[in-house]
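**Student:** need a 3D model of the sequence below.
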Amino acid sequence: MRGTPLNLDETLTIIQTGQYIIDADLAGHSLANLDLTGKVFERVGLRGCDLSGSNLVGCQFRKCDLTGARLNGADCTDASFSAATLAESLFVGATLYNTTFAKCETGVIDFSGANMERFTVIETPMPGAIFNGTNLSKTIFTSTPLDRVRFPGCTLTLAVFNKASLQGADFSGTDLSKCRFAGANLRGARFTGARGVYTAFTEAHAEKADFTESELSMANFSGAILDGSRFSRALLEKSLFVESSLVRADFSGARLAYTDFSQAIVTGADFSNSDLSMANIHRANFSDARLTGANTNETRKTDPELAEGETWVSPMASPKERK
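**Tutor:** Sure thing, here's the model as predicted:
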């Protein structure tokens with residue numbers, strides 16, 4: 001960082017008397033438990049700095065180096081970190097309500113026990129981020145790389161992961177009520193024992209994802225690619241798999257009453273001992289699917305009149321429209 005290193009007295013004088021701290025080097029100093037409400041830090045070196053317990057409400061950190069900085073228990077409500085370096089920084093037990101990370105450089109960041117409700121990430125990869133018992137309710141991780149990140153004991157209600165990269169991520173045992181994963185990359189992700197209602201996985205790529213024993217009633221998997229995924233013993237009643245690809249997926253022992261598989265591709269899938277009562281399989285491709293011991297009571301098969309309407313092409317249609 002640019003600027004002349006300051007001693008502690010000079011540092012405190014600048015912080016207490018000025019609203020803007022620009023081009024200063026405060027690396028390694030302790031700024032713990034200070035009231036820094038609304039301060040603007042621009043191009044400030046805060047490498048290894050201790051900001052634990054400080055009031056950082058409304059603070060702005062622009063192009064600052066916070067590598068290894070400690071913000072444990074700090075109140076960062078409404079704060080913003082833009083083009084900042086945050087590798088190895090600690091936010092354990094911090095309040096990050098309505099906080100924004102925009103175009104930041106990151107490494108392993110520890111958010112254990114933090115309150116990150118309404119937290120927003122913009123063009124900031126978060127590889128190796130640690131979320132342990134973190135409140136991520138209403139967070140927005142749109143298009144964020146989060147591959148292989150784990151979420152043990154986290155609150156994720158209403159979180160948005162649309163188009164995020166979550167390959168190999170682990171959501172086991174979490175509450176995913178009203179979460180959105182539209183268009184996300186969930187290849188190999190784990191949702192074992194996850195629970196919730198109205199979770200959206202529309203058009204997600206979730207090949208070989210594991211939903212074993214999850215309880216995700218009324219979930220929406222429409223248009224998703226779920227080839228080779230495991231849903232054994234899952235509760236998925238009233239869920240939607242419309243036009244999804246479920247080649248060789250495992251639904252053995254799953255509860256699928258009233259679930260909609262309209263126009264889905266389920267070739268080679270395993271539905272043995274599952275409950276498909278009242279399920280809708282209109283125009284679904286069930287070739288080579290295993291249904292041994294499955295309850296297909298009142299399963300709704302293809303509606304001929306509806307199928308005719310869906311496939312009808314006007315004689316006035318162009319060659320392109322006829323395809």
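**Student:** can I get the longest helix seen in the chain in CSV, CA atoms only?
**Tutor:** Determined from DSSP state H, the single longest helix within the chain is helix 8-17. The C-alpha coordinates for helix 8-17 follow below in CSV (Å, rounded to 0.1, in the frame of the first residue of the first chain):
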residue,chain,number,x,y,z
LEU,A,8,-0.3,4.4,17.0
ASP,A,9,-0.8,8.0,18.2
GLU,A,10,-0.7,9.3,14.7
THR,A,11,-3.1,6.6,13.6
LEU,A,12,-5.6,7.4,16.3
THR,A,13,-5.4,11.2,15.7
ILE,A,14,-6.2,10.7,12.0
ILE,A,15,-9.1,8.3,12.6
GLN,A,16,-10.6,10.4,15.4
THR,A,17,-10.4,13.7,13.6
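**Student:** report the mean per-residue pLDDT for that helix.
**Tutor:** Model confidence over helix 8-17 averages 71 on the pLDDT scale.
**Student:** quick one, helices of the stretch 201-323 of the chain?
**Tutor:** Counting by DSSP state H, counting those that start in this stretch, the stretch 201-323 of the chain has these helices, from start to end: 304-311, 319-322.
**Student:** lowest average pLDDT across these?
**Tutor:** Within the helices of the stretch 201-323 of the chain, the stretch with the lowest mean pLDDT is helix 304-311, showing a mean of 63.
**Student:** pretty sure Asn162 is touching Leu186, no?
**Tutor:** No. With the criterion set as Cβ atoms under 8 Å, Asn162 and Leu186 do not qualify as a contacting pair; they are 11.7 Å apart. C-betas here are computed from N, CA, C, even on glycine.
**Student:** give me the more crowded residue out of the two.
**Tutor:** Comparing Asn162 with Leu186 by other Cβ atoms under 10 Å, the one with more neighbours is Leu186, at 27 against 18.
**Student:** list the beta-bridge partners for the residue nearest to Ser80 when sequence neighbours are not counted.
**Tutor:** Computed as Cβ to Cβ, 6 or more residues apart in numbering, the closest residue to Ser80 that is not its neighbour in sequence is Thr100, at 4.5 Å. Counting by DSSP bridges, Thr100 forms beta bridges with Ser80, Thr120.
**Student:** burial of Thr100, as a residue count?
**Tutor:** As a burial measure, the neighbour count of Thr100 was computed by other Cβ under 10 Å and equals 20.
**Student:** swap in the one 4 residues further on?
**Tutor:** For Cys104, the tally of surrounding residues (other Cβ under 10 Å) stands at 25.
**Student:** got it, and Gly293?
**Tutor:** Neighbour count of Gly293, defined by other Cβ under 10 Å: 11.
**Student:** cool, Ala87 as well?
**Tutor:** Here the count is done by other Cβ under 10 Å, and Ala87 has 17 residues near it.
**Student:** contact partners for it?
**Tutor:** The contact partners of Ala87, by Cβ atoms under 8 Å, 6 or more residues apart in numbering, come to Thr67, Gly68, Glu105, Thr106, Gly107, Val108, Ile109.
**Student:** list the contacts of Leu291.
**Tutor:** For Leu291, the contact set (Cβ under 8 Å, 6+ apart) comprises Phe271, Ser272, Leu276.
**Student:** ok so, going back, isn't the residue nearest to Ser80 up against Ala83?
**Tutor:** No. Here Thr100 does not reach Ala83: they are 11.8 Å apart, not a contact under Cβ under 8 Å.
**Student:** list the contacts of the residue nearest the centre of the chain.
**Tutor:** Nearest to the centroid of the C-alpha atoms of the chain, with distances taken as Cα atoms, centre = their mean, sits Phe161, at 3.5 Å. Neighbour list for Phe161: Phe141, Thr142, Thr144, Leu146, Cys179, Arg180, Phe181, Ala184 [criterion: Cβ under 8 Å, 6+ apart].
**Student:** need the phi and psi values for it.
**Tutor:** With angles defined as degrees, to the nearest 10, Phe161 sits at phi -120, psi 30.
**Student:** quick check: the nearest residue in space to Leu186 that is not next to it in sequence vs Gly268, distance?
**Tutor:** When the adjacent residues along the chain are set aside, Leu186 lies closest to Ala206, with 3.9 Å between them (Cβ to Cβ, 6+ apart). As defined by Cβ to Cβ, to the nearest Å, Ala206 lies at a distance of 17 Å from Gly268.
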